[in-house]
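# here is my input; please provide its structure:
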Amino acid sequence: MFLIVAKYLIPKGYRGMTLFPFVFLKYDFDKDNLVFVNHEKIHLRQQLELLVFPFYVFYVFEYIIRLIQYKNKDLAYRNISFEREAYTNENDLDYLKNRSFFGFLNYITLKQK
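Numbers count the residues shown, from 1 in each chain. Model (predicted):
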């Protein structure tokens, strides 16, 4: 994993973005934020499991489905299975040690958060 601070690369309203094998951060201080970095590491694992490119296809497809479902871009983003897994487990710094393969599938059910 490579942490790179790239303030202008990160979309407005976000603090980070993971594009395997890089984690781009908006702010330098987030390098030391263990919870935030763990969230991004979960995304790295998801991307690796899906062989990177299919992850992005699935992510965009699911975002579109959630956008139709919720009619709200923030709610759609928060309910993408990849994000639900990452947000739910970001505080558990040992999560990746115990996570099952394709763990994001446990979060794919249509459920408002």
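# which stretches of this protein form strands?
Remark: strands assigned in the chain by DSSP state E are 2-5, 16-19, 22-25.
# so where's this structure shaky on pLDDT?
Low-confidence segments of the chain (pLDDT under 70): 110-113.
# and with 50 instead?
The model of the chain has pLDDT under 50 over residues 113.
# residue ranges for the helices of it, please.
34-49, 53-70, 73-78, 81-89, 95-98 (DSSP state H).
# okay if I get the ones you listed as a markdown table plus mean neighbour count and distance to Leu9?
C-beta coordinates here come from the backbone N, C-alpha and C atoms, glycine included. Formatted as a markdown table, the helices of the chain follow (neighbours: other Cβ atoms under 10 Å; distance: least, Cβ to Cβ, whole Å):
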| stretch | mean neighbour count | distance to Leu9 |
| --- | --- | --- |
| helix 34-49 | 19 | 14 |
| helix 53-70 | 14 | 16 |
| helix 73-78 | 14 | 18 |
| helix 81-89 | 19 | 19 |
| helix 95-98 | 12 | 25 |
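# the nearest residue to Glu49 once chain neighbours are set aside and Ser81, how far apart?
Setting aside the residues directly before and after it, Glu49 is nearest to Phe102 in space (Cβ to Cβ, 6 or more residues apart in numbering), at 5.9 Å. As judged by Cβ to Cβ, to the nearest Å, Phe102 and Ser81 stand 10 Å apart.
# one more: Lys7?
Between Lys7 and Ser81 the computed distance is 29 Å (Cβ to Cβ).
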